[in-house]
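Participant: take a look and give me a structure for this.
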Amino acid sequence: MVLKSSNVLIEDGIIKSISERDAAETHPEISTIDCRGKSVFPGFIDVHTHGGAGFDFGDEDERAYEALSEYYFSHGVTSVLATLAPLPHELLGPAVRRLAAYLKRQGSASNIVGIHLEGPYINRTMSGGNKKEYIEEPDLLEFRKVLDAGEGFIKLITVAPELDGIDDVISEALTAGVVVALGHSNADSRTATKAIELGASQVTHLFNAMPGLHHRKQGITSAMLLSDAIDAQIIADGIHVHPDFIRLAVKVKSPDRILLITDSMRASGLPDGVYDSAGNAVRVVGGISRMPDGTLAGSTLAFEKGVALVAGFNGVDLPELSRMASTNAARSIGTDYRAGSLEEGKEADIVVLDKDFKVSLTMKRGEVRFQGGVTELRNDGIMEL
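Facilitator: Okay, the predicted model is just below:
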């Protein structure tokens with residue numbers, strides 16, 4: 001549903017009411033944010049991002065997390081899963097422990113809300129921009145140690161379903177409340193379907209780091225498209241996936257099963273050059289990050305630019321766009337009871353966009369965390385749409 005000429009009343013970080021402007025109560029003692037002429041969306045949710053602004057979630061200096069939090073707020077992202085590229089267990093445990101300690105201290109104030117482990121149990125032949133030497137064989141005992149280090153903050157893990165011993169890891173993750181995504185995989189359709197039956201419910205960056213579609217060969221890609229149980233992450237930069245194939249995924253999966261992601265790395269928001277990404281030296285040219293052999297290595301995508309790309313598709317309306325940018329991700333990781341949509345009783349996580357889909361304002365729990373172009377701002381309170 002699209003509301004026009006409306007007020008959103010926020011109290012103690014929660015959306016108290018949404019009403020037509022003419023019917024809204026007047027609150028002269030409460031500050032007002034004038035958003036007329038702009039679009040108001042639920043805050044964006046990125047479940048797959050490694051970094052930006054020169055920082056990476058694998059950095060050992062925890063000040064990187066603060067810088068990353070502000071970077072994501074500036075792009076309208078109010079919920080982030082800090083994504084760790086594959087690391088050997090001796091490095092993965094400490095990285096997870098650092099993030100968990102930060103998340104415990106920050107509580108609900110941060111937009112970094114959990115951890116996504118992209119590996120280390122993925123297929124080396126489909127490693128993409130990840131360091132092959134850091135990819136590990138499934139090890140249930142070591143994985144349990146990583147879960148313990150995460151203290152409940154690990155929300156998502158990406159695995160390749162064809163690996164020996166991965167079924168035990170999938171079951172352990174699901175028991176711990178961790179969502180399982182399939183990716184960086186060369187699995188056939190039968191193997192992928194078995195993992196879905198075990199409880200896998202996402203695919204990591206559909207079409208990337210997996211075999212392409214072939215009309216005589218069933219594989220993980222076709223299985224992910226056909227399964228109604230799978231939410232599909234899509235890197236909507238027009239580079240990782242051609243816009244026609246994004247349209248195909250939206251049409252086949254429906255807008256209710258697409259999760260827009262960035263898979264951004266530390267060079268996002270910075271000039272072209274050579275950067276570290278997932279333990280590899282990569283070169284960014286024209287905003288495109290590649291390994292020396294030409295393989296794409298993460299992205300430099302800002303979330304709102306992916307939203308703008310999909311907004312240009314014929315037949316995609318604003319409610320569907322909002323679901324792909326926010327609602328579906330919240331449902332997929334189990335936070336839809338408080339985030340992912342603009343509803344009374346939910347947290348006031350809000351992004352305001354101008355007509356060109358540039359971020360004008362970002363709110364987290366009713367607190368302004370980024371201001372780029374609203375016409376009137378006096379603390380927080382009522383938003384006039």
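Participant: longest helix of the chain?
Facilitator: Counting residues, the longest helix found in the chain (DSSP state H) is helix 89-106.
Participant: after that one, which helix or strand is next?
Facilitator: Remark: after helix 89-106, the chain's next helix or strand is strand 112-118, criterion DSSP states H and E.
Participant: which secondary structure elements does that following strand sit against?
Facilitator: The contact analysis (3 or more Cβ pairs under 8 Å, 6 or more residues apart in numbering; DSSP states H and E) places strand 112-118 against strand 44-49, helix 63-73, strand 77-84, helix 89-106, strand 154-159. (C-beta placed from N, C-alpha, C; glycine too.)
Participant: may I see the buried residues of that strand?
Facilitator: 112-118 (16 or more other Cβ atoms under 10 Å).
Participant: just the CA trace of it, in PDB.
Facilitator: In PDB, the C-alpha atoms belonging to strand 112-118 read as follows (Å, rounded to 0.1, in the frame of the first residue of the first chain):
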ATOM      1  CA  ILE A 112      24.900  -3.900  12.800                       C
ATOM      2  CA  VAL A 113      22.500  -6.500  14.100                       C
ATOM      3  CA  GLY A 114      24.200  -9.800  13.500                       C
ATOM      4  CA  ILE A 115      26.800 -11.900  11.700                       C
ATOM      5  CA  HIS A 116      26.700 -13.700   8.400                       C
ATOM      6  CA  LEU A 117      29.400 -16.300   7.800                       C
ATOM      7  CA  GLU A 118      30.100 -16.700   4.100                       C
END
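Participant: which outside residues touch that strand?
Facilitator: When contacts are defined by Cβ atoms under 8 Å, 6 or more residues apart in numbering, strand 112-118 is touched by residues 47-48, 50, 65, 68-69, 72, 79-86, 92, 96, 99-100, 102-103, 106, 130, 146, 150, 153-158, 183-184, 204, 333, 335.
Participant: any of those buried? List them.
Facilitator: 47-48, 50, 65, 68-69, 72, 79-86, 92, 96, 99-100, 102-103, 130, 146, 150, 153-158, 183-184, 204, 333, 335.
Participant: and the helices in the stretch 251-385 of the chain, which stretches?
Facilitator: 303-311, 318-322, 328-333 (DSSP state H, counting those that start in this stretch).
Participant: and the longest one, what does it pack against?
Facilitator: Counting contacts by 3+ Cβ pairs under 8 Å, 6+ apart, the secondary-structure elements packed against helix 303-311 are strand 44-49, helix 243-253, strand 258-261, helix 318-322, strand 350-353.
Participant: pLDDT of stretch 197-216, averaged?
Facilitator: Mean pLDDT, stretch 197-216: 96.
Participant: pull out the buried positions in it.
Facilitator: 200-211.
Participant: out of the residues you listed, what pair is the most spread apart?
Facilitator: Within the buried residues of stretch 197-216, two members stand farthest from each other by Cβ to Cβ: 201 and 211, at 21.1 Å.
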